[in-house]
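Enquirer: give me a 3D structure for the following:
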Amino acid sequence: MTVGFSGEVAEYYAKYRRGYPPPVIEALRAAFALDADDIVLDLGCGTGQLSLPLASRVRSVIGMDPEPDMLRLAGETAAGQGVRNVTWVLGADSDVPGVGTLVGHGSLAMTVIGQALHWMRHEELFRTLAPLFRAGGGVAVVANGTPLWLQDRAWSRALRACLEDHFGTRLEATCGTGADDRRRYAEALRAAGFADVEETLIDYSDELSVDELIGGVYSAIPADRLPGQKDRPAFAERIHRSLPSGPYLESVQVSVLVGRVT
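Expert: The predicted structure follows:
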């Protein structure tokens, strides 16, 4: 899992990346009957958008990510919120066997992967995770809506055209949020021996400012492609000029795909 979301990209991620509404956290709790004795692994945890709200519902959370800057910001946010039961670990999906050594087989209640599975070797990962869960535990794959530039809105289509022109490439990747992606993940969960594979959809709406739109774009650009500091104001102005007048409304559908061990 090599992403390149370090440095300033991580800062934008912490400030502008979508969080998860309370119904998503409740769906995760209910799916695995999480309680105060449980341990959860948040794989590809980013800056803690899932780790932190889950922490109040379980004994401990392991937040694992391959980017040190993501973990630094997650730790700062946790400290600011007074959250003390999250352990931040530098690592990727290839390091999951080490988690088994750390906590022991049959110890995890859930591994949650939020908007990050498309960076991982998911079939191998699911097989590796299966022995780590307690009875009734399992995997949750959370897709937090389609990217800003792939929505069925006039502002989104204008944003996409602007970004495609700037980067000279078509933007078609759904980042694991598309229906075909979710079907592939569901099939892989079943093939790895998970049962009761099911999907819950949670809808919400939001209104974005221009700054939030631009910050959201910056949070999704790998560090080596993010415009430099001196070029960024012109890039932001180009995006702003391409957009129609606001408000910039988006309808977000969160998918929570789960598979349990028996």
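Enquirer: and the nearest residue to Tyr16 once chain neighbours are set aside, what helix or strand is that in?
Expert: Spatially, and ignoring its direct neighbours in sequence, Tyr16 is nearest to Gly215 (3.3 Å; C-beta to C-beta, 6 or more residues apart in numbering). In short, each C-beta sits where N, CA and C put it, glycine included. Here Gly215, judged by DSSP states H and E, is contained in helix 210-218.
Enquirer: likewise for Met70?
Expert: Going by DSSP H and E, Met70 is part of helix 68-81.
Enquirer: tell me the gap between that helix and the middle of its chain.
Expert: 16 Å (C-alpha atoms, centre = their mean, to the nearest Å).
Enquirer: again with stretch 111-120
Expert: Chain-centre distance of stretch 111-120: 6 Å, with C-alpha atoms, centre = their mean.
Enquirer: related to what we said a few turns ago, quick one: buried residues of the helix holding Met70?
Expert: For helix 68-81, burial by neighbour count (16 or more other C-beta atoms under 10 Å) applies to 69-71, 73-75, 77-78.
Enquirer: next: stretch 36-53.
Expert: 38-53.
Enquirer: so which of these belong to helices?
Expert: Cross-referencing these against helices under DSSP state H gives 51-53.
Enquirer: what's the neighbour count on Glu11?
Expert: Each residue near Glu11 was counted by other C-beta atoms under 10 Å, and the total is 17.
Enquirer: please state the backbone phi and psi of it?
Expert: phi -60, psi -40 (degrees, to the nearest 10).
Enquirer: measure it to Gly168 for me?
Expert: 26 Å (C-beta to C-beta, to the nearest Å).
Enquirer: output the below-cut-off pLDDT ranges for this structure.
Expert: Residue ranges of the chain with pLDDT under 70: 1-4.
Enquirer: what about the helices in it?
Expert: Per DSSP H, the chain carries helices over the ranges 8-16, 22-31, 51-55, 68-81, 96-103, 122-129, 154-167, 179-191, 210-218, 232-242.
Enquirer: quick one: stretch 142-149 to chain centroid distance?
Expert: 9 Å.
Enquirer: ignore what I typed, I meant stretch 216-230.
Expert: On C-alpha atoms, centre = their mean, the centre of stretch 216-230 falls 18 Å from the chain's centre.
Enquirer: distance between the ends of it?
Expert: 19 Å (C-alpha to C-alpha, to the nearest Å).
Enquirer: ok, stretch 121-137 next?
Expert: First-to-last residue span, stretch 121-137, C-alpha to C-alpha: 21 Å.
Enquirer: which residues are contacting it?
Expert: For stretch 121-137, contacts defined as C-beta atoms under 8 Å, 6 or more residues apart in numbering pick out 32-33, 38, 41, 43, 93-94, 96-97, 99-100, 103, 105-111, 139, 184-185, 188-189, 191-194, 259-262.
Enquirer: switch to 6 Å and redo it
Expert: For stretch 121-137, the surrounding residues in contact (C-beta atoms under 6 Å, 6 or more residues apart in numbering) are 32, 93, 96, 100, 105-106, 108-111, 188-189, 192-193, 260-261.
Enquirer: now stretch 237-253
Expert: 145, 151, 154-155, 158, 162, 201, 203-208, 210, 213-214.
Enquirer: can you name the two of those that sit furthest apart?
Expert: By the measure C-beta to C-beta, Cys162 and Leu201 form the most distant pair in the contacts of stretch 237-253, at 29.7 Å.
Enquirer: neighbour count winner among those two?
Expert: Between Cys162 and Leu201, Cys162 has the larger neighbour count (other C-beta under 10 Å), namely 19 against 12.
Enquirer: if I look at the more buried one, how far off is Leu213?
Expert: 11 Å.
Enquirer: and what of Ile202?
Expert: Ile202 is 22 Å from Leu213, by C-beta to C-beta.
Enquirer: who's more crowded, these two?
Expert: Leu213 (23 against 19).
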